[in-house]
Each structure stands twice: as C-alpha cells, then as structure tokens.
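S.K.: Here is my input; please provide its structure:
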Amino acid sequence: MKFLIPFLFLLVATSLEATGDALVRIGLGHSAWSWRLGLFALGGLLLFGYGLSLNLAPLEFNRVVGLYIATLFVVWQVVNFFAFKTLPTLPVLVGGGLIIIGGLVVTFWRSSPAV
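M.R.: Numbering: from 1, shown residues only. You can find the predicted model right below:
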C-alpha cells in the first residue's frame, strides 16, 4: 500500500505525458492551422499536467525516475497502439523489458550505506 499512492501519481504523469506527446505529433500532421494550434494547446496542457503530477509524487526524485521510466515505457506502448495503431516489435519488447527491470532496480534496490 505504501507504493500505491506514488505509483498512481506516476501512472497519471505518464498517461498525461504520452497522450500530450501523441496530440502534438498528431497536430504536426494536420494542415489546418486551427486544428494544429488546438492540438498543440491541448498537448501542451497535458504536458504541463505531467510535470506537475511527477513532481507531486511523494517519493525522492532520484528514486521516482526509475519507476517513472518503466511506467512511461508501458503507457507509451498503449498510447502508441490506440493513437497510431502500431504494435511493438520484438526489439521494442526486449528493450522495454530491460527498461522495466532497470526502473525497478533504481526504485527498489536499497544498498547499505558506505562505510
């Protein structure tokens, strides 16, 4: 339960970041400036929400980054599938597995203090 609240902050932050980035990317593809500006504004608002959520997470920043990167990888794959209809390739899945393992190591490995 101790890690549930910080994880929820990270899940919100990564969802906002991945969705905001996807909206900006979609906006780049529009030729109509009104759509483009609207998507840029909405994407920018979501990216601001990501930064706020990440920095409000009740964890030390050096530890939150590892879990954040692991969570971001997973959320990015979900957003990529729904926004761009793309499945991850085998190299992406293998590399992503390493990202997740590394994020968990950074977040949860407690080393003893130096003597």
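
S.K.: Identify the residue nearest residue 10 in space, chain neighbours excluded?
M.R.: Excluding the flanking residues, the one nearest residue 10 by Cβ to Cβ, 6 or more residues apart in numbering is residue 71, at 4.9 Å. From N, CA and C alone the C-beta is placed, and that goes for glycine too.

S.K.: The one you found: what's it in contact with?
M.R.: Taking Cβ atoms under 8 Å, 6 or more residues apart in numbering as the definition of contact, the neighbours of residue 71 are 7, 10-11, 14, 103.

S.K.: how about 7 Å then?
M.R.: Residue 71 is in contact with 10-11, 14, counting by Cβ atoms under 7 Å, 6 or more residues apart in numbering.

S.K.: in the lowest-mean-pLDDT helix or strand in the chain, what's buried?
M.R.: Sorted by mean pLDDT, DSSP states H and E, the helices and strands of the chain end with helix 61-84, the least confident at a mean of 87. Neighbour-count burial for helix 61-84 flags 63-77, 79-80 (criterion: 16 or more other Cβ atoms under 10 Å).

S.K.: got the CA coordinates for it in CSV?
M.R.: This file holds the C-alpha atoms of helix 61-84, laid out as CSV (Å, rounded to 0.1, in the frame of the first residue of the first chain):
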residue,chain,number,x,y,z
PHE,A,61,13.2,12.3,-7.1
ASN,A,62,16.2,10.1,-7.7
ARG,A,63,14.0,7.0,-7.0
VAL,A,64,10.9,8.2,-8.7
VAL,A,65,12.7,8.5,-12.0
GLY,A,66,13.4,4.8,-12.3
LEU,A,67,9.8,3.7,-11.8
TYR,A,68,8.7,6.6,-13.9
ILE,A,69,10.7,5.5,-16.9
ALA,A,70,9.5,1.9,-16.6
THR,A,71,5.8,3.1,-16.3
LEU,A,72,6.3,5.5,-19.2
PHE,A,73,7.5,2.7,-21.5
VAL,A,74,4.4,0.7,-20.8
VAL,A,75,2.0,3.6,-21.1
TRP,A,76,3.7,4.7,-24.4
GLN,A,77,3.1,1.4,-25.9
VAL,A,78,-0.6,1.6,-25.0
VAL,A,79,-1.0,5.1,-26.4
ASN,A,80,1.0,4.2,-29.5
PHE,A,81,-1.3,1.3,-30.2
PHE,A,82,-4.5,3.4,-29.7
ALA,A,83,-3.3,6.6,-31.3
PHE,A,84,-1.2,5.2,-34.2
